[in-house]
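[1] predicted coordinates and the sequence they were generated for:
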Amino acid sequence: MMRQTVLLTLQDIPYFCYPESVGLYVDHPEHTVLREAGALNNFNIHYVAAGKGYVEVEGVVHELRAGQAVLYFPQQRQHYYSSEDDPWDVRWVHFYGERLHDYMIERGLHRNLLWTLRQQAPWEEAHMALLNEAEQNRMLRPAQLSTLTYAVLAEFVQHAVPLKSTRTSKAESRILGLLPQMQQEACQPFL
């Protein structure tokens, strides 16, 4: 079974976050995705509700099982796929927002790609509410879509713990190192 809704990507949205797409795949053993770096300009969470699947990170394949997830930042290389012998029930959401990058970094979500949710039910419920809204009303209620996307993100932030410690990439470390300098330079006209 496959359920998915792809929405228009809006410019200058008045919302903190907004979904680009949301869906789930159940018992779909041929599900596989490979996106090269720079191919996707939004965040996305892929959460395993049942079964198992695999995520490739810098040439190393990691198994994901029920209650585990992968969180991608924009522009990251993505390679993930379902197990053929125990296909995953994978639920996903792609989302964007002007201030999301800072929000995610402030919470340390850039430090890991793989996560475990301490409590799965709240995230699954928030995800299903978003999927149902997107399927039933598409973009007729944009504030509701934004609110439900934030609920999915908030549940993830509240319950996610790193599956295993991974280091930030060299590029991410450089960006983080430049942030204080850029903030200081931006404030100089006011000093």
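    Great, that's in hand.
[2] pLDDT weak spots in the protein?
    For the chain, applying pLDDT under 70 flags the ranges 165-191.
[3] need the helices for it, in chain order.
    100-106, 121-137, 142-159, 170-187 (DSSP state H).
[4] nearest to residue 5 among the ones you listed would be which one?
    helix 121-137 (4.0 Å; CB to CB). For the C-beta atoms, the positions are set from N, CA and C on the backbone; glycine is no exception.
[5] contact partners of that closest one?
    3, 5, 7, 19, 22-24, 47, 49, 91, 93, 117, 141, 144-145, 148-149, 151-152, 154-156, 158-159 (CB atoms under 8 Å, 6 or more residues apart in numbering).
[6] filter the residues you listed down to the buried ones, ChimeraX style.
    Remark: buried members of the contacts of helix 121-137, expressed as a ChimeraX selection using 16 or more other CB atoms under 10 Å:
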select :5,7,19,22,23,24,47,49,91,93,117,145,148,149,151,152,155,156,159
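[7] got the helices of the chain as JSON lines, with distance to residue 54 columns?
    Shown next, in JSON lines, are the helices of the chain (distance: least, CB to CB, whole Å):
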{"stretch": "helix 100-106", "distance to residue 54": "24"}
{"stretch": "helix 121-137", "distance to residue 54": "21"}
{"stretch": "helix 142-159", "distance to residue 54": "21"}
{"stretch": "helix 170-187", "distance to residue 54": "23"}
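[8] of the ones you listed, which is nearest residue 55?
    Per CB to CB, nearest to residue 55 of the helices of the chain: helix 142-159, 16.1 Å.
[9] and the closest one, what does it pack onto?
    strand 18-25, strand 89-96, strand 114-117, helix 121-137 (3 or more CB pairs under 8 Å, 6 or more residues apart in numbering; DSSP states H and E).
[10] hmm, try it at 7 Å
    On a contact count with 3 or more CB pairs under 7 Å, 6 or more residues apart in numbering; DSSP states H and E, helix 142-159 meets strand 18-25, strand 89-96, helix 121-137.
[11] still on that earlier bit, out of the helices of the chain, flag the one nearest residue 33.
    When the helices of the chain are compared (using CB to CB), the closest one is helix 121-137, at 18.0 Å.
[12] taking strand 18-25 as reference, get the angle to that closest one.
    100 degrees (axes from the mean of the first three to the mean of the last three CA atoms, to 10 degrees).
[13] next one: stretch 126-143 to chain centre, how far?
    17 Å (CA atoms, centre = their mean, to the nearest Å).
[14] typo on my end, stretch 112-126
    11 Å.
[15] a markdown table please, covering the helices and strands packed on helix 142-159 and showing distance to residue 12.
    Below are the helices and strands packed on helix 142-159 laid out as a markdown table (distance: least, CB to CB, whole Å):
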| stretch | distance to residue 12 |
| --- | --- |
| strand 18-25 | 11 |
| strand 89-96 | 12 |
| helix 121-137 | 21 |
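[16] closest one to residue 77 among the ones you listed?
    strand 89-96 (15.4 Å).
[17] for that closest one, packing partners?
    strand 18-25, strand 43-50, helix 121-137, helix 142-159.
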